[in-house]
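model this:
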Amino acid sequence: MGSGYRGRLAPTPTGLLHLGHARTFALAARRAEQAGGALLLRIEDLDAARCRPEFEDAALEDLRWIGLRWQEGPDVGGPHAPYRQSERGPVFLATWERLRATGLIYPCDKSRSDVARALAAPHAEDDAEPIFPPELRAPVGAGRDATSPGASNWRFRVPDGETVRFEDALRGPQAFVAGRDFGDFLVWRRDGVPSYELAVVADDLAMGVTEVVRGADLLLSTARQILLYRALGATAPAWAHAPLVLGSDGRRLAKRSAGLSVRELRQRGWAPEEVLAAPIDRLLG
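Presented below is the predicted three-dimensional model:
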């Protein structure tokens, strides 16, 4: 009998598998194995313009090459198929309906220029995440009687001033203040696609994920997602945010960084254990 632990790998096939993602996925697999639990693989392919099947195929091959195995996924099967987010529209729409019934989300017709004008106040900080201005919110209760998202953006109304806290298995206690560190965030786009925040919460909840292992660049997203779990009356999973892959200058190496896809490193003769553990400067040398 398993431990009840359920972890997940969630690649986005917009390019070849990046070294940073590979190392985070390896950590997720290791934590699932140490817990005696299960690991599922889910393809997060909601970006129809950039996601391509050849990148999905390459990612599955590269993940197996570095030694990862999963018990559920698009090429393995399991009780929670399909595992491509592009095929899970009914799950996301049902989650939108549950959120709409709470009154915590609302249709938003404000354009980017409307938001930019409202953020042009002298106190706005250039280096902070843009906060959706509270004065642009729809009235409380707006959209509650909607029968579908329609051709509107929908935002989640955050509890201004509330501190969202969580314990991270790798980084310790974390805290973000709603309305200061992040504002009302998108849950549904006017083109009929759910936001990242809604999609991953809906899927992790439906798939019974008990711990989310991902990069530290998504710490702020965790605070937003905790609010979604609460609105849905659900218990959030545990969290573990892995360090980002950094260059010698201390800057994050992006997905597009030359020479840092697993496929390129394979072609240059590096072994799986070196790809997962060797210093970045050595791999780039």
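
any idea where the helices of the stretch 101-250 of the chain begin and end?
Listed in chain order, the helices found in the stretch 101-250 of the chain under DSSP state H, counting those that start in this stretch are 112-118, 196-206, 219-231.

Could you tell me the least trusted of the ones you listed?
Mean pLDDT is lowest for helix 112-118 out of the helices of the stretch 101-250 of the chain, coming in at a mean of 69.

circling back to that earlier point, closest one to residue 173 among the helices of the stretch 101-250 of the chain?
When these are ranked by proximity to residue 173, the top entry is helix 219-231, at 11.7 Å, counting by C-beta to C-beta. (Each C-beta comes from the backbone N, C-alpha and C, glycine too.)

can you give me the angle the closest one makes with helix 196-206?
Angle of helix 219-231 versus helix 196-206, following axes from the mean of the first three to the mean of the last three C-alpha atoms, to 10 degrees, is 60 degrees.

Identify each buried residue in the longest helix belonging to the chain, please.
The helix that spans the most residues within the chain, counting by DSSP state H, is helix 19-34. Residues of helix 19-34 classed as buried by neighbour count (16 or more other C-beta atoms under 10 Å): 19-29, 31-32.

same thing with stretch 106-113?
106, 107, 108, 110.

Throw those residues into CSV and include distance to residue 158 and pLDDT, thanks.
Shown next, in CSV, are the buried residues of stretch 106-113 (distance: C-beta to C-beta, whole Å; pLDDT from 0 to 100):
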residue, distance to residue 158, pLDDT
106, 12, 97
107, 16, 97
108, 13, 95
110, 16, 81
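
And the helices of the stretch 101-250 of the chain: which comes nearest residue 165?
Closest among those, using C-beta to C-beta: helix 219-231, at 8.7 Å.

ranking the helices of the stretch 101-250 of the chain by burial, who's on top?
helix 196-206 (a mean of 22; mean count of other C-beta atoms under 10 Å).

then that one to CSV, C-alphas only?
This file holds the C-alpha atoms of helix 196-206, laid out as CSV (Å, rounded to 0.1, in the frame of the first residue of the first chain):
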residue,chain,number,x,y,z
TYR,A,196,-2.3,29.4,-15.0
GLU,A,197,-3.5,29.9,-11.4
LEU,A,198,-7.0,28.4,-12.0
ALA,A,199,-5.7,25.6,-14.2
VAL,A,200,-3.1,24.2,-11.9
VAL,A,201,-5.3,24.4,-8.8
ALA,A,202,-8.2,22.7,-10.6
ASP,A,203,-5.8,19.9,-11.9
ASP,A,204,-3.9,19.4,-8.7
LEU,A,205,-7.1,19.2,-6.8
ALA,A,206,-8.7,16.8,-9.2
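
Now do that helix: everything it contacts.
The contact list for helix 196-206 (C-beta atoms under 8 Å, 6 or more residues apart in numbering) reads 8, 10, 42, 44, 46, 80, 85, 88, 91-92, 94-96, 99, 156, 185-188, 194, 209, 212, 221, 224-225, 228-229, 232, 234, 237.

Show me how to select, in PyMOL, the buried members of those residues.
The PyMOL selection below is limited to those of the contacts of helix 196-206 classed as buried (16+ other C-beta under 10 Å):
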select buried, resi 8+10+42+44+46+80+85+88+91+92+95+96+99+156+185+186+187+188+194+209+212+221+224+225+228+232+237
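
pLDDT of stretch 278-285, averaged?
So the average pLDDT for stretch 278-285 ends up being 85.

ok, and for that stretch, which residues are buried?
Those buried within stretch 278-285 under the rule 16+ other C-beta under 10 Å are 280, 283.
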